[in-house]
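Asker: only geometry, no sequence info:
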Ligand code: PMP
């Protein structure tokens with residue numbers, strides 16, 4: 001059966017992890033992976049999560065199957081978080097939400113549903129984007145192309161070029177948008193630029209698909225939903241994938257959701273019926289534990305308060321690391337201005353380091369970054385930021 005099977009290429013980022021794990025240097029630092037670490041270099045287990053788990057363990061609930069789309073309590077907690085509890089989208093029944101296997105699973109069931117609805121469409125992702133965007137939508141059967149997004153000169157978003165492209169696309173094109181904390185660049189659109197994007201999507205009849213993987217990691221839960229709010233207010237139908245991997249530090253529990261905003265309660269019912277077919281033939285129904293924890297935290301006021309404080313703590317620590325790195329580089333008198341790192345948002349920065357510089361950081365310092373120059377700021381801490389600044393200063397000077 002397998003005689004002619006070719007070896008598939010390794011996932012570039014997971015491959016980096018393997019190399020990092022095999023490195024025996026005690027000073028090694030992994031800036032490659034998209035995971036939030038605390039100041040001790042550990043993945044935190046949030047206090048709110050721990051409390052919700054304790055309560056659940058004591059209640060010892062039975063483990064029957066969940067509804068295909070997940071439980072109402074979880075799905076409505078997700079909707080409230082994304083759209084605000086009083087949003088007309090919710091009160092008018094114009095949104096359907098299904099629990100999904102992380103943000104990745106949400107993108108994939110969304111892709112599979114779209115393939116039934118608009119089989120001839122092309123998907124457009126940002127250039128550059130999270131590598132898995134292309135792979136997911138290609139796996140769902142779509143051709144995937146890009147829209148311009150990043151301006152290496154300003155190290156910011158290139159809204160003008162992006163809008164020019166969106167305004168040239170045929171109706172029914174699927175546009176994947178990073179709702180906040182763009183991965184890999186850290187460059188986000190301003191509110192005014194988002195308003196233009198929303199307008200372009202409406203004018204051209206595009207299908208917006210917002211990927212919300214880092215809500216709360218830029219400015220806060222509500223401000224990070226700016227794109228979602230503008231699309232909601234525009235009256236368009238659109239998709240949102242949510243991930244709670246980062247915001248609840250629940251990576252391996254695979255907690256996410258797909259929300260689809262429609263034009264009416266009747267459309268919602270029909271869309272849900274099709275989405276259930278997609279899920280039923282894929283994994284039948286979602287796992288219980290992670291979703292139950294997130295639902296409990298979001299809807300129990302004391303836990304919700306604790307989570308928001310912990311989320312703010314993660315956000316503030318990343319920001320402090322951004323500032324710390326920039327200060328340390330300035331103290332080393334590097335002749336490049338790195339202040340853009342402070343303006344970028346979320347876990348990542350496109351540093352402008354070349355592939356050769358990234359390779360030198362690995363070989364000489366045991367510091368692992370993605371070949372594109374993307375680093376994860378959430379892997380920096382008060383103990384390694386000096387060392388990382390030393391390494392960056394050394395490789396850009398030579
Ligand atoms: N979208 C983006 C932009 C991401 O960066 C990630 C995670 N790295 C995901 C989606 C997927 O998240 P999850 O781990 O929840 O599948």
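Answerer: Received the coordinates, thanks. Since the model is a prediction, treat every value here as computed from it, not as a measurement.
Asker: need the helices for the stretch 251-398 of the chain, in chain order.
Answerer: 265-280, 289-299, 301-331, 340-343, 355-360, 385-397 (DSSP state H, counting those that start in this stretch).
Asker: want to throw the ones you listed into CSV with distance to the ligand, mean pLDDT and mean neighbour count?
Answerer: The C-beta positions use only the backbone N, C-alpha and C, and glycine is treated the same way. CSV is the format used below for these (distance: least, C-beta to the nearest ligand atom, whole Å; pLDDT from 0 to 100; neighbours: other C-beta atoms under 10 Å):
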stretch, distance to the ligand, mean pLDDT, mean neighbour count
helix 265-280, 16, 98, 15
helix 289-299, 10, 98, 22
helix 301-331, 14, 97, 17
helix 340-343, 18, 94, 18
helix 355-360, 19, 96, 16
helix 385-397, 21, 95, 19
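Asker: out of the ones you listed, which gets nearest to residue 128?
Answerer: helix 355-360 (13.8 Å; C-beta to C-beta).
Asker: before we move on, the earlier item: how about TSV for the helices of the stretch 251-398 of the chain, with distance to residue 66 added?
Answerer: Output for the helices of the stretch 251-398 of the chain, formatted as TSV (distance: least, C-beta to C-beta, whole Å):
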stretch	distance to residue 66
helix 265-280	11
helix 289-299	8
helix 301-331	21
helix 340-343	42
helix 355-360	43
helix 385-397	43
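Asker: wait, residue 124 sits on residue 172?
Answerer: No. Counting by C-beta atoms under 8 Å, residue 124 stays clear of residue 172, with 11.6 Å between them.
Asker: in the helix or strand harbouring residue 53, what's buried?
Answerer: When elements are assigned from DSSP states H and E, residue 53 belongs to helix 47-59. Within helix 47-59, the residues scored as buried using 16 or more other C-beta atoms under 10 Å are 48, 49, 51, 52, 53.
Asker: hmm, residue 294 and the last one touching each other?
Answerer: So that's residue 53. No. Assessed by C-beta under 8 Å, residue 53 is found out of contact with residue 294, at 11.2 Å.
Asker: find residues that contact each of these two.
Answerer: Counting by C-beta atoms under 8 Å, 6 or more residues apart in numbering, no residue touches both residue 53 and residue 294.
Asker: show me the helices in the stretch 51-200 of the chain, by range?
Answerer: Counting by DSSP H, counting those that start in this stretch, the helices of the stretch 51-200 of the chain are 72-83, 88-91, 102-117, 131-139, 159-166, 191-204.
Asker: Throw these into JSON lines and include mean neighbour count, distance to the ligand and mean pLDDT, thanks.
Answerer: Putting those into JSON lines (neighbours: other C-beta atoms under 10 Å; distance: least, C-beta to the nearest ligand atom, whole Å; pLDDT from 0 to 100) gives the following:
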{"stretch": "helix 72-83", "mean neighbour count": "21", "distance to the ligand": "13", "mean pLDDT": "97"}
{"stretch": "helix 88-91", "mean neighbour count": "16", "distance to the ligand": "22", "mean pLDDT": "96"}
{"stretch": "helix 102-117", "mean neighbour count": "22", "distance to the ligand": "3", "mean pLDDT": "98"}
{"stretch": "helix 131-139", "mean neighbour count": "18", "distance to the ligand": "7", "mean pLDDT": "97"}
{"stretch": "helix 159-166", "mean neighbour count": "18", "distance to the ligand": "16", "mean pLDDT": "98"}
{"stretch": "helix 191-204", "mean neighbour count": "16", "distance to the ligand": "17", "mean pLDDT": "98"}
